[in-house]
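**Student:** could you work out the structure for the sequence below:
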Amino acid sequence: MSIFSRTRDIIAANVTDLLDRAEDPAKMIRMIIIEMEETLVEVRASAARTIADQKEMRRHIAKLDQLQESWMEKAQLALSKDREDLAKAALVEKQKAAGMAEELRGEIGALDEALATSEEDITKLQNKLREARARQSSIMARMESARNRLRMRDLYAGERTQDAFSRFEMLERRVDLTESRAEAMTLGGEGRTLEEEIAELRSSDAVEAELAAMKAARTSEA
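**Tutor:** Here you go, the predicted model:
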């Protein structure tokens, strides 16, 4: 479905307003660009046909100018031979050729104006097309940014991420339990280190030695 009724509508169109009203701006801007490109091709093709018509008319004018010269020579020849009737007839034909040439020159002038209008339209259409393409680039950049944000959100809050965090929490819980068991082993004196046990043995030997000395002293006193 056509968005514009072609050249005039495109030139007068406000691309921003069209996109603001569109349900799908990306699709709308693609349609706008396609129609602008097609219209630009049509206007250029029309201008090419106008130029071709002008060239053909100028060739015809050149032939008519040559024909006028030919009829003038014939009129002069007839007059030189005292054939005034033939001279008049030749001049009539010359005037017909001149009238046709003048008519064609008028048509070329009208085509010049049409060609100038086409040139203005082409310039305006190119500007509109550049504007639309810039809008398309902006829309595509925004869409890509939105997709990236969605991907990042899925990465941080998605189902796979939640599963990974759940596994981390289970591992942390296991570590906590292992560390807790190790700490519990130290409660009530259990789970002493090797150095602590050796120090205890040394302390016990010292106590036994001191006790033996006291017993020996009491025996000697008796």
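**Student:** make it CA atoms for all contacts and neighbour counts henceforth
**Tutor:** Fine.
**Student:** and the protein, what are its domains?
**Tutor:** Using automatic domain parsing, the domains assigned to the chain come out as 7-156, 158-191, 192-222.
**Student:** please identify the most buried of those domains.
**Tutor:** Greatest average neighbour count among the domains of the chain goes to domain 7-156 (a mean of 16), per mean count of other CA atoms under 10 Å.
**Student:** quick one: mean pLDDT for stretch 62-77?
**Tutor:** Mean pLDDT, computed over stretch 62-77, is 96.
**Student:** same question but for stretch 17-24, I mixed them up
**Tutor:** Here the average pLDDT along stretch 17-24 is 83.
**Student:** quick one, helices of the chain?
**Tutor:** Taking DSSP state H as the test, the helices found in the chain are 7-12, 15-21, 25-80, 84-157, 159-185, 194-221.
**Student:** and the domains of the chain, which one averages the lowest pLDDT?
**Tutor:** The lowest average pLDDT among the domains of the chain, as it happens, falls on domain 158-191, at a mean of 61.
**Student:** hang on, isn't residue 35 packed against residue 5?
**Tutor:** No: under the criterion of CA atoms under 8 Å, residue 35 makes no contact with residue 5, lying 10.0 Å away.
**Student:** for the most centrally placed residue in the chain, give its distance to residue 88.
**Tutor:** Nearest to the mean C-alpha position of the chain, by CA atoms, centre = their mean, lies residue 137 at 2.6 Å. Distance of residue 137 to residue 88, given as CA to CA, to the nearest Å: 73 Å.
**Student:** ok, now residue 217?
**Tutor:** Residue 217 is 178 Å from residue 88, where distance means CA to CA.
**Student:** likewise residue 136?
**Tutor:** In this structure, residue 136 and residue 88 are 71 Å apart, going by CA to CA.
**Student:** ditto for residue 142
**Tutor:** Applying CA to CA to residue 142 and residue 88 gives a distance of 80 Å.
**Student:** swap in residue 149?
**Tutor:** Applying CA to CA to residue 149 and residue 88 gives a distance of 90 Å.
**Student:** quick one, what contacts residue 115?
**Tutor:** Listed by CA atoms under 8 Å, 6 or more residues apart in numbering, the contact partners of residue 115 are 47, 50, 51.
**Student:** how far does stretch 125-138 sit from the chain's center?
**Tutor:** Relative to the chain's own centre, stretch 125-138 is displaced by 10 Å; criterion: CA atoms, centre = their mean, to the nearest Å.
**Student:** which residues touch it?
**Tutor:** Stretch 125-138 is contacted by residues 7, 10, 11, 15, 26, 29, 30, 32, 33, 36, 37, 40 when judged by CA under 8 Å, 6+ apart.
**Student:** what's the most distant pair in these?
**Tutor:** Comparing all pairs in these by CA to CA, the longest separation belongs to 7 and 26, at 22.2 Å.
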